[in-house]
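Colleague: what follows is a predicted protein model with its sequence.
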2 protein chains.
Amino acid sequence: MTGVKRDHGGGIDAAAARFGGARADWIDLSTGINPVPYPVADIPDGAWAALPDAAAQQSLIRAAKSFWQVPDGADILAAPGASSLIARIPALCPPGTVDIPGPTYNEHAAAFTAEGWQVSDQTPNARVVVHPNNPTGDWRDRETGGYDLHVIDESFCDVAPDRSLIDRATTPGTLILKSFGKFWGLAGLRLGFAIGDPALIAHLSQMLGPWPVAGPALSIGTRALTDPGWANATRQRLNVDAARLDTLMTGAGAQLAGGTPLFRLYTVDHAQGWQDRLARAQIWTRIFPYSDSLIRLGLPAPDQWPRLEAAL
Amino acid sequence: MTGVKRDHGGGIDAAAARFGGARADWIDLSTGINPVPYPVADIPDGAWAALPDAAAQQSLIRAAKSFWQVPDGADILAAPGASSLIARIPALCPPGTVDIPGPTYNEHAAAFTAEGWQVSDQTPNARVVVHPNNPTGDWRDRETGGYDLHVIDESFCDVAPDRSLIDRATTPGTLILKSFGKFWGLAGLRLGFAIGDPALIAHLSQMLGPWPVAGPALSIGTRALTDPGWANATRQRLNVDAARLDTLMTGAGAQLAGGTPLFRLYTVDHAQGWQDRLARAQIWTRIFPYSDSLIRLGLPAPDQWPRLEAAL
């Protein structure tokens, strides 16, 4: 995968402009965001007003280390979204050649290219894998090290924590990314983490500046990461809903091509036609510039199933 | 000002550990944060869950352009705090020599030094001024251009919008910074802006990555920047409260040395002694590593005045 062209999920505004309907009427299945987010509940007033203090930041880091079983010897940095880390990681080393097995999330290649890297699998000195991969759902367990920079993007891995490669966080040059935008359903919160090589983490921290994470995100993140009951119940619900979506889509003629419990990838006869048909029912899905036959759907929220069933 | 040593306001945790008292009992006058923040009110649920969409980002930018009277020809970028911009600005050009007239906010020098710049007033090719300056309150209206990079940090300038240098935002190489952490009292929100040279703004945007600002910050920021009534009333209240603080401090033997309506700088016989005396009453203030006689106080919240009066 090369070049800096970025296409993303989301974009309901553009879809509504083209297919009609008020924005609020649309069902957005174009992302892999859990539609039943971790409950935000009350934010302490001081979280908005005061500079995020050291104690609140340390509470979040402690909770994250425990939840993701971060090994001793690896450092961890909380950031305003995994995207802020993805954008800065290519500046950690002098530009070289990075291997980014595709198709995958396109911000990695865009960020490396913007910093002067070549994206190629020929004698790379850096590598990025998305684990599990988006949109295919492939696991990358057999990846090996030996790179100056080895990024393992686990933005979707909280659905299956036993598959995490967190034990590789102590390998020099390694960075493992975590996101609050997918499994936790809080993409608007802007909270992500880098875990790994202490020298790289220190450099990233300097690039983000002090107080990178908002007070409410510190509070919500700490609460979420110390709530294993919610995480366990969510894993079960996501699996049930993913199976329900597969039944619905295969019943309508699609074939399962991959995915994770947060999004499903299907092969269809004509992806653009499927997207347009669902869009006329104000349901937005994701197709890909590199394929005429792949369509990806996130999970509907509990009250959105009837409309999807009707549209199919 | 040279070196990377950073001292900041805040740090109530450390003060409480040394002088006693529960954290919640402390009055924090060590910052320049308005103690009566813009009311956060209700956040739309979707702001936490969905990826911040283009329409919400455009609303914020439109409100900011109008509020700060951004001239045509200048671009504007919303960021997760002015600190995130300060940390990345030195990477916009190859390292050279930057003039940062001091004493001033120390993150600028720290960020430039970390990127390999020399901080010196001898043949600089970049310049940073804080307008009005922190902690002295000096205005920098007579600054002239001619630098590859000219940063005008207006983090405290919303107290006196007529003094803004926003008309210089179209000068090549210029970046003007705005903050939501001071005048608006929402330091935990993490929202700041860079305004200026379109090429520099585009580079900063690429370094921050997509969706740099959280959904709730887009919502609150847009509301605040389209509420001139709150801003006007706040300016008046800050002026009244600053005068009240001056009366109190000069009555206790301090001399006014500078400041803005958001913080006041005083000359005292022994700054450390004053800080310790107020700390024993669980009131935290700011002193500076470069002066034995300067102490800076932010404004107390309306219900905090009696304790300050008693402690003095």
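Modeller: Cool, got the structure. All values derive from a computational prediction rather than experimental measurement.
Colleague: what parts of the stretch 201-312 of chain A come near chain B?
Modeller: When proximity is defined as CB under 8 Å from any CB of the partner chain, the stretch 201-312 of chain A approaches chain B at A:206-217, A:220. All C-beta atoms are positioned from the backbone trio N, CA, C, and that covers glycine.
Colleague: need these in JSON lines with pLDDT, can you?
Modeller: As requested, those are exported to JSON lines (pLDDT from 0 to 100):
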{"residue": "A:Q206", "pLDDT": "96"}
{"residue": "A:M207", "pLDDT": "97"}
{"residue": "A:L208", "pLDDT": "96"}
{"residue": "A:G209", "pLDDT": "95"}
{"residue": "A:P210", "pLDDT": "92"}
{"residue": "A:W211", "pLDDT": "93"}
{"residue": "A:P212", "pLDDT": "96"}
{"residue": "A:V213", "pLDDT": "96"}
{"residue": "A:A214", "pLDDT": "96"}
{"residue": "A:G215", "pLDDT": "96"}
{"residue": "A:P216", "pLDDT": "96"}
{"residue": "A:A217", "pLDDT": "97"}
{"residue": "A:I220", "pLDDT": "97"}
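Colleague: so which of those belong to helices?
Modeller: A:Q206, A:M207, A:L208, A:G215, A:P216, A:A217, A:I220 (DSSP state H).
Colleague: please list only the buried members of these.
Modeller: Among these, those buried by neighbour count (16 or more other CB atoms under 10 Å in any protein chain shown) are A:Q206, A:M207, A:L208, A:G215, A:P216, A:A217, A:I220.
Colleague: so which of those residues is the closest to chain B?
Modeller: A:G215 (2.9 Å; CB to the nearest CB).
Colleague: in chain A, where's the longest helix?
Modeller: helix A:228-251.
Colleague: packing partners for that one?
Modeller: Using 3 or more CB pairs under 8 Å, 6 or more residues apart in numbering or on different chains; DSSP states H and E, the elements in contact with helix A:228-251 are strand A:255-260, strand A:263-267, helix A:305-311.
Colleague: quick one: average pLDDT of the shortest one?
Modeller: Per-residue pLDDT values across strand A:263-267 average out to 98.
Colleague: circling back to that earlier point, please work out which of the helices and strands packed on helix A:228-251 is packed deepest.
Modeller: Scoring the helices and strands packed on helix A:228-251 by mean neighbour count under mean count of other CB atoms under 10 Å in any protein chain shown gives strand A:263-267 as the most buried, with a mean of 23.
Colleague: just the pLDDT at the residue nearest to the spatial centre of chain A, thanks.
Modeller: Centroid-nearest residue in chain A: A:S155, 3.8 Å away (criterion: CA atoms, centre = their mean). On pLDDT, A:S155 comes in at 97.
Colleague: just A:T170 next, same as before
Modeller: If you check A:T170, the pLDDT there is 96.
Colleague: which ones are touching it?
Modeller: By CB atoms under 8 Å, 6 or more residues apart in numbering or on different chains, A:T170 lies in contact with A:P71, A:D72, A:G73, A:A74, A:G196.
Colleague: the residue nearest to the second one when sequence neighbours are not counted and A:D197: what is the separation?
Modeller: Closest residue to A:D72 apart from its sequence neighbours, by CB to CB, 6 or more residues apart in numbering or on different chains: A:T170 at 7.9 Å. As defined by CB to CB, to the nearest Å, A:T170 lies at a distance of 8 Å from A:D197.
Colleague: that concludes my questions; thank you for your assistance.
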